[in-house]
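**Q** Sequence below, structure please.
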Amino acid sequence: MKESGTRLRGHMAPPAPAGTRLAQLARTASRPPEPQAPVQEVCDLCSAPVPPEHRHLVDLHSRQMMCACRACKILFDRKEAGEGHYRLIPERRELLEGFVLADEQWAALQIPVDMAFFFHNTSTGRVMAFYPGPMGPTESLLELSTWDELVAANPVLAELEPDVEALLVNRARGAREHYLVGVDECYALVGLIRTSWKGLSGGDEVWQEIDGFFDRLARRAEEAR
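**A** Now for the predicted structure:
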């Protein structure tokens, strides 16, 4: 991923999930074609086994992702069910065709790499920007006026559900892809990069994983549409 100078906080962002959760999300996103012994995951609320395809909750206090079984998914399928503590992450995946984000607008966002995701954090009362890397997600400073300009050009961003949905941007190696997704998709990408990164530049494997991730996301977005 292309690096450039920027002013940023230089520390791991509080919303980053635990290392084990990133690894679990990465396994779900990678979907290797060869049959492998499945790693049995369990619901983080009731400890019931969950299948490879399952929903996630966000703990709004710790910002951690939590696996949810079918019963718990049904239980939390209403905003008021979590009592301000847990939120079920929506399954919405949309490829935002015609999204307006010129190169100079991207530069104004001051993201040091060519991928990032943005979501509204109700605990801080603002939109937060994160970019993935070998150490996990890192926060980049985001001017409110810059985000407001982006929303004005792309009204769909006003539909993002706070805390659980994000704008995911991929501009790596010439791509210009913009998705509206659940935040668990963003952390799945973070997990893939973190677990596949080799050496200083990342290596070929990490780019294969990144390309595979966005290929699958594009197919699932098309199926949803």
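
**Q** Show me what the lengthiest helix in the chain is packed against.
**A** Longest helix in the chain by number of residues (criterion: DSSP state H): helix 203-224. Packing partners of helix 203-224 (3 or more CB pairs under 8 Å, 6 or more residues apart in numbering; DSSP states H and E): helix 19-30, strand 94-95, strand 177-182, helix 183-196. For the C-beta atoms, the positions are set from N, CA and C on the backbone; glycine is no exception.

**Q** May I have that helix as CSV, with CA atoms only?
**A** C-alpha atoms of helix 203-224 as CSV (Å, rounded to 0.1, in the frame of the first residue of the first chain):
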residue,chain,number,x,y,z
GLY,A,203,4.9,-9.7,0.4
ASP,A,204,2.9,-11.3,-2.4
GLU,A,205,0.7,-13.3,-0.1
VAL,A,206,-0.9,-10.3,1.6
TRP,A,207,-1.9,-8.8,-1.8
GLN,A,208,-3.4,-12.1,-2.9
GLU,A,209,-5.5,-12.0,0.3
ILE,A,210,-6.5,-8.4,-0.3
ASP,A,211,-7.5,-9.0,-3.9
GLY,A,212,-9.5,-12.1,-2.9
PHE,A,213,-11.2,-10.1,-0.1
PHE,A,214,-12.4,-7.4,-2.5
ASP,A,215,-13.4,-9.9,-5.2
ARG,A,216,-15.6,-11.8,-2.7
LEU,A,217,-17.0,-8.5,-1.4
ALA,A,218,-17.9,-7.4,-4.9
ARG,A,219,-19.7,-10.7,-5.6
ARG,A,220,-21.6,-10.5,-2.3
ALA,A,221,-22.6,-6.9,-2.9
GLU,A,222,-23.9,-7.9,-6.4
GLU,A,223,-25.8,-10.8,-5.0
ALA,A,224,-27.4,-8.5,-2.3
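
**Q** excluding its backbone neighbours, what's nearest the most centrally placed residue in the chain?
**A** By CA atoms, centre = their mean, the mean C-alpha position of the chain lies nearest to Cys186, the distance being 1.2 Å. Excluding the flanking residues, the one nearest Cys186 by CB to CB, 6 or more residues apart in numbering is Phe117, at 4.1 Å.

**Q** ok, residues contacting stretch 142-149?
**A** 105, 108-110, 118, 126-129 (CB atoms under 8 Å, 6 or more residues apart in numbering).

**Q** what about it, average pLDDT?
**A** Taken as a whole, stretch 142-149 has a mean pLDDT of 87.

**Q** for stretch 121-134, same thing?
**A** So the average pLDDT for stretch 121-134 ends up being 92.

**Q** Make 717 the first number, not 1, from now on.
**A** From this message on, residue numbering opens at 717, which makes the last subject stretch 837-850.

**Q** Centre of the chain to it, how far?
**A** 10 Å (CA atoms, centre = their mean, to the nearest Å).

**Q** Check stretch 778-787 too.
**A** Worked out by CA atoms, centre = their mean, stretch 778-787 lies 15 Å from the chain centre.

**Q** From one end of that stretch to the other, what's the distance?
**A** Stretch 778-787 stretches 23 Å from its first residue to its last (CA to CA, to the nearest Å).

**Q** pLDDT averaged over it, what's the number?
**A** The pLDDT scores in stretch 778-787 average 92.

**Q** Buried residues in it, which are they?
**A** 779-785 (16 or more other CB atoms under 10 Å).
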